[in-house]
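Participant: Fold the following, please.
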Amino acid sequence: MENHFMTLTNSYLNLFMETRKHTEDICSPLETEDYVVQPIANVSPPKWHLGHTTWFFEEFILKPHSKKYAVFNDDFSFVFNSYYESVGKRVVRSDRGNLSRPSVQKIYDYRRYVTKAIEELMKSAPSTELLKLLEIGIHHEKQHQELLLTDIKYILGNNPLLPKYNTIIKECSIENIEQEWISISEGVYKIGHKNDSFCYDNELGVHKVYLQEYQIANKLVTNKEYIAFIEAGGYNNHNYWHAEAWDWVNSNKITTPLYWHKIEDKWHYYTLNGLQEINLEAPVTHISYYESFAYAQYKKLRLPTEFEWEVAQSHFDWGKRWEWTESAYLPYPEYAKADGALGEYNGKFMVNQKVLRGGSIATPLNHTRHTYRNFFPTNIRWQFTGLRLAK
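Facilitator: Numbers count the residues shown, from 1 in each chain. Down below sits the predicted model:
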């Protein structure tokens, strides 16, 4: 039993160290100036992500569980707290780009300091509770790795020079299959996380839902298909849009997915590899729920609910795009928030959000699963979002 627990501790510690390194690898192509930019409130500067993920381990593990730990800098809780009201005051989200200090170097010093302290703590016979907290911290940092990539893309994609981030990440993998409709029988199905592996509290507990017979596409909507919607006047036809969405389209002069440019009558988009001609067969991405719904209306079809998606997901390949569903982000039956600040992780956001399922090319390995409930407001587009149709 003792050997098993030691093996488990070492496994968590190795995953922690790998995760910390991967975050810094994501930032390695950046220039120092890139670390500070915040074009819009939803996009945080890379230096803030580096500091916030470090603060999370300091605040929730080291301060309450390590008697010899000395806080790196008393101001950092104010600077790097995101939305935890229980922890105290914090910098307003839209002001994160004004933080020219602390410097990028100081934040890397902070990361090394906290990483070393966690490593030492985990070598001193940690409790099961402590390992569970470490696991949450690891997956929290993995979430921010995806946000880092999408925020970096937004920062560079709004630079007039449209610079490359790197040449390694390939955004446009093609689903080389013919579109077919997968039929799912009417019935009662179990929904939710069903084993002892890691999950978030919003995936618990298992409950039954009744589904009518339905069909769901085996592949995502492609750029070629979406261009047909644009060229058919999709962004100019109010019949396809919710009233709120129609106001959004007109107020913001939305005519294409995010990052799209028409150059000499050819469609291009900005990618992490720079500006490229659009790959017509790749899944469309960087579209809002509003646009997904409008496209489905144009096709006289609909988006699947999150429950339909979960029941059908074993029949298709997923993970290239976060897929909008028709489901509001709500608690499952008997949902209970955790006590204390960690109870603010998911439950407080269960209003005015839509659920997305799957994952994306920016999602870290071993982070998503078929019960994972991502959620965003209906107008967001800077994530790698796409759509799958149902009927």
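Participant: Just confirm Ser82 contacts Arg90, I think it does.
Facilitator: Yes - between Ser82 and Arg90 there is a contact at 7.1 Å, judged by C-beta atoms under 8 Å. Backbone N, C-alpha and C define where each C-beta goes, glycine included.
Participant: residues of stretch 66-74 that come out buried?
Facilitator: By 16 or more other C-beta atoms under 10 Å, the buried positions in stretch 66-74 come out as Ser66, Tyr69, Phe72, Asn73.
Participant: Tell me who's in contact with the third one.
Facilitator: Remark: with contacts taken as C-beta atoms under 8 Å, 6 or more residues apart in numbering, Phe72 is in contact with Glu58, Tyr110, Tyr113, Val114.
Participant: Type out the PyMOL command that picks the buried ones from those residues.
Facilitator: Buried residues within the contacts of Phe72, by 16+ other C-beta under 10 Å, are selected in PyMOL with:
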select buried, resi 58+110+113+114
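Participant: what would the contacts of Phe72 look like in JSON lines with secondary structure, distance to Lys153 and pLDDT?
Facilitator: Listed next are the contacts of Phe72 as JSON lines, based on DSSP: H, G, I helix; E, B strand; the rest coil; distance: C-beta to C-beta, whole Å; pLDDT from 0 to 100:
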{"residue": "Glu58", "secondary structure": "helix", "distance to Lys153": "28", "pLDDT": "96"}
{"residue": "Tyr110", "secondary structure": "helix", "distance to Lys153": "25", "pLDDT": "98"}
{"residue": "Tyr113", "secondary structure": "helix", "distance to Lys153": "29", "pLDDT": "98"}
{"residue": "Val114", "secondary structure": "helix", "distance to Lys153": "27", "pLDDT": "98"}
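Participant: Turn the contacts of Phe72 into TSV, including distance to Ile174.
Facilitator: What follows is the contacts of Phe72, written out as TSV (distance: C-beta to C-beta, whole Å):
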residue	distance to Ile174
Glu58	43
Tyr110	42
Tyr113	44
Val114	41
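Participant: Return the member of the contacts of Phe72 nearest to Cys199.
Facilitator: Cys199 lies nearest to Glu58 out of the contacts of Phe72, by C-beta to C-beta, at 24.5 Å.
Participant: which sections of the stretch 201-350 of the chain are below the confidence cut-off?
Facilitator: Regions of the stretch 201-350 of the chain meeting the criterion pLDDT under 70 cover residues 340-344.
Participant: Does Arg321 touch Ala362 like I think?
Facilitator: No - if you go by C-beta under 8 Å, Arg321 and Ala362 don't touch, sitting 10.0 Å apart.
Participant: neighbour-wise, which of the two wins?
Facilitator: Arg321 (28 against 21; other C-beta atoms under 10 Å).
Participant: Can you tell me the element His268 falls in?
Facilitator: For His268, the host element (DSSP states H and E) is strand 266-271.
Participant: so who does Asp196 touch?
Facilitator: Counting by C-beta under 8 Å, 6+ apart, Asp196 makes contact with nothing.
Participant: Show me which residues of stretch 301-320 are buried.
Facilitator: Neighbour counts over stretch 301-320 (16+ other C-beta under 10 Å) mark 303-313, 316, 318, 320 as buried.
Participant: right, and the pair among those residues with maximum separation?
Facilitator: Using C-beta to C-beta, the buried residues of stretch 301-320 reach their maximum pairwise distance at Phe307 and Lys320, which is 21.3 Å.
Participant: hang on, the earlier thing: export the buried residues of stretch 301-320 to CSV and tack on distance to Gln212 and secondary structure?
Facilitator: Shown next, in CSV, are the buried residues of stretch 301-320 (distance: C-beta to C-beta, whole Å; DSSP: H, G, I helix; E, B strand; the rest coil):
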residue, distance to Gln212, secondary structure
Leu303, 15, coil
Pro304, 12, coil
Thr305, 11, coil
Glu306, 15, helix
Phe307, 11, helix
Glu308, 9, helix
Trp309, 15, helix
Glu310, 15, helix
Val311, 12, helix
Ala312, 13, helix
Gln313, 18, helix
Phe316, 20, coil
Trp318, 22, coil
Lys320, 28, coil
